[in-house]
Each structure stands twice: as structure tokens, then as C-alpha cells.
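Asks: got a structure for you, letters missing:
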């Protein structure tokens, strides 16, 4: 009995020490990441591993140029449209972009942070009474924004930050993307109620991209502005595309984009819409790093955990009546 008691005490102490280390390094976000969703780790796989989707296996084995399928926009409310764009490879659908397009004069766009990571997609939709929620830009080990960030007039994220890619800024009745190549993000944030910096800039006004070549495959989320001043949001269903290929695809689409900015990707790449009788809900399931013959898959250590928390999101709600 004494040995059993000692073993129990040691086990309890080990758990307590482990939790203390997690809290010291990752705050309450670490607790939620471990206790609600389990730990995700990178595991070595080969290019034909059955855990990879068919599209990812194809992308690892081939050099290809993605093409846009037909886009049919549906008006769900004044100034709010949705569509799905097939991503074609050799004439066949290999992925799909879930799209929304909004008029910022009629819809209010805001950004939000919950460092604890205890809100997933459905929580954000409910708590914000939102029409649309997507994941936002990058966050750190404690769930706080990793880039400059302003939420409802409150500045978050690093104050000392060099940004050369892009920013999204929103004020009442307006929203836009800004190329930060020759601008200071602090100046760009002036007058904005909500704003964030992210990277890479997928498309600048010349159609060029600042996405670097890589073999990093993941579910993707992006924000864009078209030449009519509408804000376009997109999330990929699968993980076919590197950032460079996503940029090439957006450049070739009939979306008429002026600027496009990448947001965080992988399992946190999420989108939900609830408008009238229209419902959409999707979160990424895959992220793969490949370098030469070394291929690694991000996988939950304990399968079947809760969905990923989203510390940073972009939300859309109807604008206040004038």
C-alpha cells in the first residue's frame, strides 16, 4: 500500500509540475490546448501515407498549376454574397475555395482576440452574434496576437514590429487592405477601429506576390479587396496549395482582386456563415511540411479531441442603421 501511495503521489506531482510548466510557457491557452484538444505533434510520413488526403498526396508528387473552376455568386442579403470556387488540376477538381464577398458600407467587419483559446468557431459565432467568422492572423504561444492588432479600438499584439507585407483596416462604413511595402503600419492604423497585420501579401496591386516558394501544404484562409472596394474572404477545403500556388491561383481567377493577404492556416483555418437559411461551417484538417524527402504531418497526439480553439478571428455583422 505504501508503494502504491508513493507512486500515486509521484504521479500527481509529475502532473502538477507538467501543468505548471505549461502555464508558465503558454498561459491559459496552453491549458485549453492540452485539456480540451490534446497536443498536436509533427509526425514523419511518406508521400503516399493514407493519413494524407488524395489532393495532398498529389501535390507532394507533382509540380502543377492550379486553375479556377466556374464561380457562381449567390446574393444572401444586400451586400453579402457567397460562392464556391473549384480548384482544378489537369481539368479535375482537387480542392475548393469557400468564398464570401461583402460591401463594407453595409456590413461591419471587426477583429477579436481571446488569448485563453477557449473559444472555437461556434463559440465566436454565438458570442459575437456574427453572420460570418473566419480565423485571423498569427498568434503566439500564449494565444496573443503575434502581429500588430486593434480590436474595437484597443491595441493588442507587439508595439515594436516591422511589417512589409499587408494590413487590413476597418472603420465605420469602410474597410480596406493596405500594402505595407512603403508604409508604417502605425500610420495605416490611424482612424481604424479594427485592424490587423498579416503575411505574406499574396497579391499586390501589380499582381505580384511576396509569398516565397515552399513545400508547406495547408488549409488556407485569406482576406482580399477587389477593384470595386468589396472585401472578399476565402477558405480552402483541403490542403492542396502552398502559399505561392494560392497566390498564382488568385491572380488567375475572375475575382478581380486588387490586393490579397494571407491569414493563418492549417487546422485553425476556419469559416462559418449563418445568414437566413444559408449555413456554412468548415475548419481545416491538415498541415504538411515537406523538404526534400522529409515529410511531416501535424497530427493530434490523442485523436478525437475537441476542435481547435481560435484565439484570433475576423467577424462580420450587419452595420448599424444610419
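Replies: Perfect, thanks for sending it. This structure is a prediction, so every number in the text was calculated from the model and none was measured. Numbering: from 1, shown residues only.

Asks: can you list the weak-confidence ranges in the protein?
Replies: 1-39, 301-307, 321-322 (pLDDT under 70).

Asks: Let me see the domain layout of it.
Replies: The chain breaks down into these domains under automatic domain parsing: 1-35, 40-318.

Asks: what's the most buried one of those?
Replies: domain 40-318 (a mean of 18; mean count of other C-beta atoms under 10 Å). For the C-beta atoms, the positions are set from N, CA and C on the backbone; glycine is no exception.

Asks: Now the terminal residues of that domain, how far apart.
Replies: This stretch, domain 40-318, spans 36 Å end to end (C-alpha to C-alpha, to the nearest Å).

Asks: Could you do stretch 131-141 as well?
Replies: By C-alpha to C-alpha, one end of stretch 131-141 lies 29 Å from the other end.

Asks: And the helices in the chain?
Replies: Here the chain has its helices, by DSSP state H, at 2-35, 54-61, 121-128, 185-189, 243-252.

Asks: Run the chain-centre distance for the last one.
Replies: In terms of C-alpha atoms, centre = their mean, to the nearest Å, the centre of helix 243-252 is found 16 Å from the chain centre.

Asks: The third one now?
Replies: A distance of 16 Å separates the centroid of the chain from that of helix 121-128, by C-alpha atoms, centre = their mean.

Asks: From the contact counts, what lies against it?
Replies: strand 107-113, strand 132-135, strand 270-275, strand 278-283, strand 312-318 (3 or more C-beta pairs under 8 Å, 6 or more residues apart in numbering; DSSP states H and E).

Asks: Relative to residue 43, which of these is closest?
Replies: Among the helices and strands packed on helix 121-128, the nearest to residue 43 by C-beta to C-beta is strand 278-283 (20.0 Å).

Asks: residues contacting residue 94?
Replies: 55, 58, 66, 87-88, 238, 240 (C-beta atoms under 8 Å, 6 or more residues apart in numbering).

Asks: Would you mind giving the helices and strands packed on helix 121-128 as a markdown table with distance to residue 262 added?
Replies: Output for the helices and strands packed on helix 121-128, formatted as a markdown table (distance: least, C-beta to C-beta, whole Å):
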| stretch | distance to residue 262 |
| --- | --- |
| strand 107-113 | 15 |
| strand 132-135 | 11 |
| strand 270-275 | 14 |
| strand 278-283 | 17 |
| strand 312-318 | 13 |
